[in-house]
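S.K.: got a structure for you, letters missing:
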């Protein structure tokens, strides 16, 4: 796949910048990774929001510490340097908007778009050697899930939820093609415009 998916996503995202916007920071805890996400959210209807979900995953599959008695220290066995950068268009639907207490809002989420995988050189000595010239891929991915928003006031609040990522690559990376799976997230609202 080429970069056309990234350009299409950026074009779609450029159409959502207008009134009542939220800026959110997400902490992601996946079954094989940890990550951060910046989310831009705009309400197009009282019960529907669209936005951008830009994520950073550090893949940590098959890694575990091994004690080396000769040097009296732990080494990491199975270490991999894989980064995944999803750039998703996100939709949140609030089915109970204005039907239950204002500070408690369950929602369903759907995200889709391209993601970039970067396979760093685990044997490189320096940070720049590890990532310079690293092989990259661009593929399509998606997420589906649900969560709950707890709003403390109009400008602040937080959300938490559970979702599933579909992150399948065309070319295997370390003999693995599927980096998706379930993840938990904790979202903090940075501000509202």
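M.R.: On my side now, so go ahead. The structure displayed is predicted, hence computed values, not measured ones.

S.K.: Average pLDDT for stretch 53-66, rounded please.
M.R.: Here stretch 53-66 scores 76 as its mean pLDDT.

S.K.: any idea how far the residue most central in space within the chain lies from residue 121?
M.R.: With distances taken as C-alpha atoms, centre = their mean, residue 55 lies nearest the centre of the chain, 3.6 Å away. Here the criterion is C-beta to C-beta, to the nearest Å. By it, residue 55 lies 23 Å from residue 121. From N, CA and C alone the C-beta is placed, and that goes for glycine too.

S.K.: re earlier: can you pull the contacts of the residue nearest to the centre of the chain?
M.R.: Applying C-beta atoms under 8 Å, 6 or more residues apart in numbering to residue 55 gives the contacts 26, 28, 35, 36, 37, 84, 85, 86, 87, 88, 115.

S.K.: Return the residues in contact with the second one.
M.R.: Which is residue 28. 34, 35, 36, 37, 55, 57, 183, 184, 185.

S.K.: Can I have the buried ones of the residues you listed as a ChimeraX selection?
M.R.: Provided next is the ChimeraX selection string for whichever of the contacts of residue 28 are buried by 16 or more other C-beta atoms under 10 Å:
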select :35,37,55,57,183,185
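
S.K.: Adding distance to residue 67 and secondary structure, write the contacts of residue 28 out as JSON lines.
M.R.: Converted to JSON lines, the contacts of residue 28 look like this (distance: C-beta to C-beta, whole Å; DSSP: H, G, I helix; E, B strand; the rest coil):
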{"residue": "34", "distance to residue 67": "24", "secondary structure": "strand"}
{"residue": "35", "distance to residue 67": "29", "secondary structure": "strand"}
{"residue": "36", "distance to residue 67": "31", "secondary structure": "strand"}
{"residue": "37", "distance to residue 67": "35", "secondary structure": "strand"}
{"residue": "55", "distance to residue 67": "34", "secondary structure": "strand"}
{"residue": "57", "distance to residue 67": "28", "secondary structure": "strand"}
{"residue": "183", "distance to residue 67": "30", "secondary structure": "strand"}
{"residue": "184", "distance to residue 67": "30", "secondary structure": "strand"}
{"residue": "185", "distance to residue 67": "33", "secondary structure": "strand"}
